[in-house]
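Trainee: Give the three-dimensional model of this entry:
(chains A, B, C and D)
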Protein chains: 2
Amino acid sequence: MNLRETSAAVTMADVARRAGVSVKTVSNVINDYPHIRPATRERVEQAIAELGYRLNVSARRLRTRRTGLITLALPELSIPYFAELADSMLRAAEAAGLTVLIEQTSGRRDKELAVLAGSRLALTDGVVFSPLGLGPDDLAAFDVDFPLVLLGERIFGARADHVTMNNVAAARAATEHLLSLGRRRIAVLGTPDTRAAAAGGPTSASLRLEGYLQALAAAGIPADPSLQLPQMQWHRLDGARSMSAALEAGLECDGLFALNDAMALGATYALHARGIRIPEDVALIGFDDVEDVRFSSPTLSSVAPGREEIARLAVQLLTERIDSTTAQRPFTRVITDSRVLARGSTGYEVEREISVQRGGRFPIDSPTA
Amino acid sequence: MNLRETSAAVTMADVARRAGVSVKTVSNVINDYPHIRPATRERVEQAIAELGYRLNVSARRLRTRRTGLITLALPELSIPYFAELADSMLRAAEAAGLTVLIEQTSGRRDKELAVLAGSRLALTDGVVFSPLGLGPDDLAAFDVDFPLVLLGERIFGARADHVTMNNVAAARAATEHLLSLGRRRIAVLGTPDTRAAAAGGPTSASLRLEGYLQALAAAGIPADPSLQLPQMQWHRLDGARSMSAALEAGLECDGLFALNDAMALGATYALHARGIRIPEDVALIGFDDVEDVRFSSPTLSSVAPGREEIARLAVQLLTERIDSTTAQRPFTRVITDSRVLARGSTGYEVEREISVQRGGRFPIDSPTA
DNA sequence: CTGAAAGCGCTTACAG
DNA sequence: CTGAAAGCGCTTACAG
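Mentor: Just a heads-up that it's a prediction; the model follows:
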C-alpha cells in the first residue's frame, strides 16, 4: 500500500486542516500528550478516521532518531529453547511498545561478530544478544557503542548489561533432587571438553557441572569421572549418541542429569532402546524446561530458567539503556529466579515444584572511558 | 548509537565533500548503480570508511516509501512447525535483501483480523500470513489493498497470492505407505469436527482426511468411522489424550495416520503407555516433518511439505507483488512438492523417501475491480 | 558523469 | 493550547 498510495498520502497537515487545529495538536493527539481537551481530541480522531490517515513511521524516525525496533540475535529459531525465548521476547517487547527483528547467527563466529559490529544498527535502536560461538577471547568485541543486553552464560565480564540465571545453584538443586530420591551413581551428560574449558572461562556447561559437583560433595559422594559424559554439541541427537556410547561402554548409573532438555530427550531414546526404565532404573532430569518435556514419555523433570522473566528483564534493561542520556551509566547483571520442576522422569506423575533458586540484581564493574 | 550520535551524524553531504564528488555520486555508489568509474567508487568508499558514515535508513525510506521490511504473521513461535517455518522465512528473506518482522497471532480471530486491517503496514511493505483462526466466513477481510501472501490451507478463494501444498495427494500417499506395509485397519488422528467442517470449507484437516479416504477407496477398503479420531486442536497433548481415549474405548488398529507430527508424537506416548509397540503392533506416520520426529523413539515417518520451498516462494510472490506497478496483477497459487519420508515408525531404520507429490503454479481467478 | 535544490512527513523549538 | 517554520538525511528530477 505504500506503493499504491504514492501520490495520495494523507498527512498530518491534511488532518489538521480537516479538524481545524494545528499540526502540533494532531501530533499531540497521536502521541498521547496530556493537556488536550476531550473535544479537541475527538475532532482530531474523527478527522483521522474520515481521511484514513496513517502515521508515516519513517518520517517520525528520521525526526526522532529512534526506530522503535530492537534486534534479537540468537542462534536458530529451529532450536526449541530459542524459539520459546523469541516467543517471550516478542511478547515482552510488544508490552513495552517495541518491535523485534530476529537475527539468526547459527552460532557462527563471523555472524556473531557482525552483530557486535552493528550490522543491524541502521535498522534498530539496540540489540539483545544470545551469543554461542563467541567466547571470552572475544571479550573486546563486546565493548560496543550502542545499547546491548547479553543473554546466557557464554560471556561474563563484558561491559554490557547482562541477564542470566544462577546456573550453579540451579544445577546443584537439580542434582540434589536426584540425590533426594536415593540415587547415588548420578551421571551427568554434556560436560565440557576439559582443554577447551580451561582456556575459555565459564560456560553453561562448566557452571552446571560445578553445581553438580557441589551437590555431590555436600552429600559426601566422591565425584566419579567415568560418570561425566562429555558432549560439546547439545542437540537431541548428540545426547542420544553420547548416551548410547556410554551405555555401550558399560556405564552404570541410577541417576542422570542432562545439562539441557534436548540431550535429556535424546538420552531417553538411548535408554529406552536398551530397555532401561525411567525412572525405575535411571531417574532423569534435564535443564531449560522447554515445552517438549511435558509431552515426552515419561514427562521429563527439568530446571525452569524463567524465560518470561528473562525476556521482560532484557527488554527493560535495553529500554533503560536506550533512554539513558549518559554513556557512563553503570552496567547491570540480573539473575533470574530458577525452579526445579519434578515430573515423571523422577517419579512425579503430577508436576511439582521442588525448589526455587533466587536471583537478584547486581552492578557490574563500572565502565571506564 | 542513534542516540549517542544525535548531534554528530555523518551525512552523504559530508562524504561527498570529503571525496570531492556530488551527493548524487555518493548515493549512486551506495546503491550500486552502474556507470561509476572504479576510481570514483574507490574515493567514495574511502571517504565512507574514514568518516564512519552509515546510511540513514529512515531517511531513505521516507524518500522511497519502501521499508525493506516484511511482516510474517503466524500463530506462535513456540509451535515447532512455525518456528521452523520462521527460520526458513528469515533465511529466504535475507537472500532477497529483506528483513522480517514476526507477528504472533496466537491463532486468535481478533489478532488475525488486525493483521488484515494492516496493523503492521506503517512498518512493513507487505505481509506473509499463515491464518489459523479465520475461516471462509471471513473471506471478505482478505480483500486488502496491500501486498499479501497467504500460507497454508485455512483460506481458499481469497483474492491474494497463496503458497500451499497438495494436502490431498500427500495424505493419500502417506496412507498408501501404511497400506503398502500390509496394514488394513488404519486409524486417522485429528479429523475435523463434522459440523464445523460442513460450514467451513476446506482445511488441512478436511483435505488430509480426503486423501486418507481416497487411498482406502483405491485399495478397496471400506472406511470405518470408528477409526476416525476427531481432534480440533493439533498440539502434542491433544494427540496423546485423543489416542488414550480411543484406546481406552477399545480402538483396534494396525496403522495410524496422525494428521500432524505433534499429534503423532503425542500418540507415541499414549501407545507406549499401554505397551503397544511401534511399528510392530501399530505402524505410524505423521505430517509436517518437523525436526523433532527424527529424534523421537522410534523415529517417526512423516510427510515433508517442503518448507524451504514454501518460504522461498512466499518471499518471491510477495516481492513480485510489492514491485508490481499495477493493482490488476492476477493472483497466483503455488503448490509445493511434498514427500513421504519413511523412518522407524513404519519399519525403516534408515530414512527413505517413499514418494514425491509434485506441485505447480496456477492462476487464481483474476481480480475484479 | 556533476551540482544545486526540492520534497518525502514528521517533531519541535519559537513566538504568541 | 495555536501557527508558521526549520530541519532530520535521504533520492531524484532537472539543467548542465
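Trainee: buried stuff in the one helix or strand residue A:320 maps to?
Mentor: Using DSSP states H and E, residue A:320 maps to helix A:307-323. Using 16 or more other CB atoms under 10 Å in any protein chain shown as the test for burial, helix A:307-323 gives A:307-319, A:321-322. C-betas here are computed from N, CA, C, even on glycine.
Trainee: and what of stretch A:87-102?
Mentor: By 16+ other CB under 10 Å, the buried positions in stretch A:87-102 come out as A:87-93, A:98-102.
Trainee: Pull the number of nearby residues for the closest residue to DNA strand C within the stretch 151-300 of chain A.
Mentor: Closest residue of the stretch 151-300 of chain A to DNA strand C, CB to the nearest atom of the strand: residue A:161 (25.0 Å). Applying other CB atoms under 10 Å in any protein chain shown, we find 24 residues neighbouring residue A:161.
Trainee: Report pLDDT for it.
Mentor: Here, the pLDDT recorded for residue A:161 equals 94.
Trainee: Could you point out the bridge partners of it in the sheet?
Mentor: residue A:149 (DSSP bridges).
Trainee: ok so, going back, tell me the one of the buried residues of helix A:307-323 nearest chain B?
Mentor: residue A:322 (6.7 Å; CB to the nearest CB).
Trainee: contact partners of stretch A:56-73?
Mentor: Here stretch A:56-73 makes contact (CB atoms under 8 Å, 6 or more residues apart in numbering or on different chains) with A:9, A:11, A:86, A:89, A:93, A:97-105, A:112, A:115, A:120, A:123-130, A:315, A:318, A:322, B:2-3, B:6, B:56-59, B:61-62, B:67, B:122-123.
Trainee: quick one, what contacts the residue nearest the centre of chain A?
Mentor: Note on chain A: the residue nearest the mean C-alpha position is residue A:85, at 5.0 Å, using CA atoms, centre = their mean. Going by CB under 8 Å, 6+ apart, residue A:85 touches A:74, A:130, A:151, A:307, A:310-311.
Trainee: Would you format the buried residues of stretch A:87-102 as TSV with secondary structure included?
Mentor: Shown next, in TSV, are those (DSSP: H, G, I helix; E, B strand; the rest coil):
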residue	secondary structure
A:87	helix
A:88	helix
A:89	helix
A:90	helix
A:91	helix
A:92	helix
A:93	helix
A:98	coil
A:99	strand
A:100	strand
A:101	strand
A:102	strand
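Trainee: Show me which of the residues you listed is closest to chain B.
Mentor: Closest approach between these and chain B, by CB to the nearest CB: residue A:87, at 4.3 Å.
Trainee: close enough to count as contact, the closest one and residue B:79?
Mentor: No. With contacts counted by CB atoms under 8 Å, residue A:87 stays clear of residue B:79, the gap being 9.2 Å.
Trainee: quick one: residue A:21 is in a strand?
Mentor: No. Assessed with three-state DSSP, residue A:21 is coil; it does not lie in a strand.
Trainee: And it, how far from residue A:63?
Mentor: Note on residue A:21: its distance to residue A:63, by CB to CB, to the nearest Å, is 20 Å.
Trainee: More neighbours: the two, which one.
Mentor: When residue A:21 and residue A:63 are compared on other CB under 10 Å, the one with more neighbours turns out to be residue A:21, at 19 against 10.
Trainee: residues in the stretch 101-250 of chain A within reach of chain B, list them.
Mentor: Proximity of the stretch 101-250 of chain A to chain B, by CB under 8 Å from any CB of the partner chain, involves residues A:101-102, A:104, A:118, A:121-123, A:125, A:145-147, A:236-237, A:240.
Trainee: Take the residues you listed and keep only those in strands.
Mentor: A:101-102, A:104 (DSSP state E).
Trainee: Let me know the helix or strand that the closest residue to residue A:75 other than its chain neighbours is in.
Mentor: Among residues not flanking residue A:75 along the chain, residue A:107 sits closest, at 4.2 Å (CB to CB, 6 or more residues apart in numbering or on different chains). Assigned by DSSP H and E, residue A:107 belongs to neither a helix nor a strand.
Trainee: Which element is encountered next along the chain beyond the helix or strand of chain A with the lowest mean pLDDT?
Mentor: In chain A, no helix or strand scores lower on mean pLDDT, DSSP states H and E than helix A:194-200, which sits at a mean of 62. Under the assignment DSSP H and E, the closest C-terminal helix or strand after helix A:194-200 is helix A:204-218.
Trainee: Buried residues, that next one. List them.
Mentor: Neighbour-count burial for helix A:204-218 flags A:204-209, A:211-216 (criterion: 16+ other CB under 10 Å).
Trainee: With pLDDT and distance to DNA strand C added, can I get the contacts of residue A:85 in TSV?
Mentor: Formatted as TSV, these follow (pLDDT from 0 to 100; distance: CB to the nearest atom of the strand, whole Å):
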residue	pLDDT	distance to DNA strand C
A:74	97	31
A:130	96	32
A:151	96	31
A:307	95	33
A:310	97	31
A:311	97	27
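Trainee: In a markdown table: the residues you listed, plus distance to residue B:353.
Mentor: As requested, the contacts of residue A:85 are exported to a markdown table (distance: CB to CB, whole Å):
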| residue | distance to residue B:353 |
| --- | --- |
| A:74 | 32 |
| A:130 | 35 |
| A:151 | 39 |
| A:307 | 37 |
| A:310 | 40 |
| A:311 | 39 |
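Trainee: near DNA strand D too, which of those residues?
Mentor: By CB under 7 Å from any atom of the strand, no member of the contacts of residue A:85 lies near DNA strand D.
Trainee: OK, contacts around residue A:314?
Mentor: Neighbouring residues of residue A:314 by CB under 8 Å, 6+ apart: A:89, A:92, A:128, A:149, A:151, A:163.
Trainee: List just the nearest of these to residue B:291.
Mentor: Comparing the contacts of residue A:314 against residue B:291 with CB to CB places residue A:89 closest, at 21.1 Å.
Trainee: Run through the residues that contact the residue lying closest to that closest one once chain neighbours are set aside.
Mentor: Leaving aside its sequence neighbours, residue A:89 sits nearest to residue A:311 (CB to CB, 6+ apart; 4.6 Å). Residues in contact with residue A:311 (CB under 8 Å, 6+ apart) are A:85, A:88-89, A:91-92.
Trainee: Kindly indicate which of those lies nearest residue A:356.
Mentor: When those are compared for distance to residue A:356 (CB to CB), residue A:88 wins out at 19.2 Å.
Trainee: DNA strand D versus the closest one, what's the distance?
Mentor: 34 Å (CB to the nearest atom of the strand, to the nearest Å).
Trainee: Surely residue A:46 touches residue A:19?
Mentor: Yes. Here residue A:46 reaches residue A:19: they are 7.2 Å apart, a contact under CB under 8 Å.
Trainee: if you count what's nearby, which of these two comes out ahead?
Mentor: Shown here are residue A:46 and residue A:19; by other CB under 10 Å, residue A:19 has more neighbours (22 against 13).
Trainee: Helix or strand: which one has the residue lying closest to that one once chain neighbours are set aside?
Mentor: Among residues not flanking residue A:19 along the chain, residue A:47 sits closest, at 3.9 Å (CB to CB, 6+ apart). Under the criterion of DSSP H and E, residue A:47 resides in helix A:38-51.
Trainee: name the helices or strands packed onto that helix?
Mentor: helix A:12-19, helix A:23-30 (3 or more CB pairs under 8 Å, 6 or more residues apart in numbering or on different chains; DSSP states H and E).
Trainee: what angle separates the first one from helix A:23-30?
Mentor: Spelled out, it's helix A:12-19. 90 degrees (axes from the mean of the first three to the mean of the last three CA atoms, to 10 degrees).
Trainee: in helix A:12-19, what's buried?
Mentor: For helix A:12-19, a neighbour-count test (16+ other CB under 10 Å) marks A:12, A:14-16, A:18-19 as buried.
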